[in-house]
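Peer 1: Can you look at this prediction? I've put the sequence above it.
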Amino acid sequence: MNFIFKIADAARVFLQSGRGLSALWKKGGSIASTTILHNCKHYIPEIKTIIDVGANQGQFALSARYFYPRAGIHSFEPVPDVFRTLQQNISKANGISTYNFALGSTNGVLEFFQNDYSHASSALHVSAIQQQFFPQTASEHQIKVPVKRIDDLISNITFEAPVLLKLDVQGFEKEVLKGAAESLDKIDYLLFETSFVPMYEGEPLFDEMHNFVKELGFEFIAPVGFCQTDDLQILQMDLLYKRKSAA
């Protein structure tokens, strides 16, 4: 019965967003990304540049291509196998550039945990809590991936305003922002996932992340997505912020 409800919810999301049911079955089709971007559209009518950090298989980028067709999208995915799937999924989409490295607070090599459930891959260990709620995330192995700072990309990427920085890096969001200290004045909107319980070992939780981005000069707009258990406990939420000096 839960499966039927989930299919009904998926159909409702795609129909209300205007994408149509056919988009749900295409490569890279995502209920979560469609929901998040549908909600973002209410607050951000236009975006010219999207920095998509933690691109996975292109779910967010392909949804963003629908909602913001004029935006230049830059998608970063460090896991080689997943990156190849990303490239395949966006091969027929215009305006999406892909990069096979992680973003963080340093340049060099990052110890990274590739999860058998690719959405859960992270620079941090999956916690026991996440394994309890989502057993499919229990298996992971360590790899090494190149890592760069956003600050070092400014000369190679044109940040045409308005700019959205989207972070879905499984508890590593604060480290990515630390590597963007010189670039934040180019970021108009910030979208990231934060946890209310530790889904990864050592990840900063909601209060810490909220206060951190406020100190960086961003103000909270609204929640635009969430992850909850079957008994309706909210574990994570996708939050949208705006730089205070942005128009």
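Peer 2: On my side now, so go ahead.

Peer 1: so which strand or helix has N39?
Peer 2: When elements are defined using DSSP states H and E, N39 is found to belong to helix 31-43.

Peer 1: among the helices and strands of the protein, which has the poorest mean pLDDT?
Peer 2: Taking mean pLDDT, DSSP states H and E as the measure, the helices and strands of the chain show their lowest mean at helix 2-17, namely a mean of 48.

Peer 1: so is L86 in a helix, a strand, or just coil?
Peer 2: Reducing the assignment at L86 to three states with DSSP: H, G, I helix; E, B strand; the rest coil gives helix.

Peer 1: next one: phi and psi at the closest residue to it other than its chain neighbours?
Peer 2: In space, not counting the residues next to it along the chain, L86 is nearest to G58; the distance is 4.7 Å by C-beta to C-beta, 6 or more residues apart in numbering. In short, each C-beta sits where N, CA and C put it, glycine included. When read as degrees, to the nearest 10, the backbone of G58 gives phi 100, psi 10.

Peer 1: pretty sure G58 is touching K92, no?
Peer 2: No. G58 is not in contact with K92 according to C-beta atoms under 8 Å; the separation is 11.0 Å.

Peer 1: quick one, what contacts the residue nearest in space to the middle of the chain?
Peer 2: Within the chain, one residue has its C-alpha closest to the average C-alpha position: by C-alpha atoms, centre = their mean, that is D168, at 2.9 Å. Contacts for D168 were tallied using C-beta atoms under 8 Å, 6 or more residues apart in numbering; they are 53-54, 56, 60, 192-193.

Peer 1: Now the buried members of those residues.
Peer 2: Neighbour counting with 16 or more other C-beta atoms under 10 Å marks 53-54, 56, 60, 192-193 as buried within the contacts of D168.
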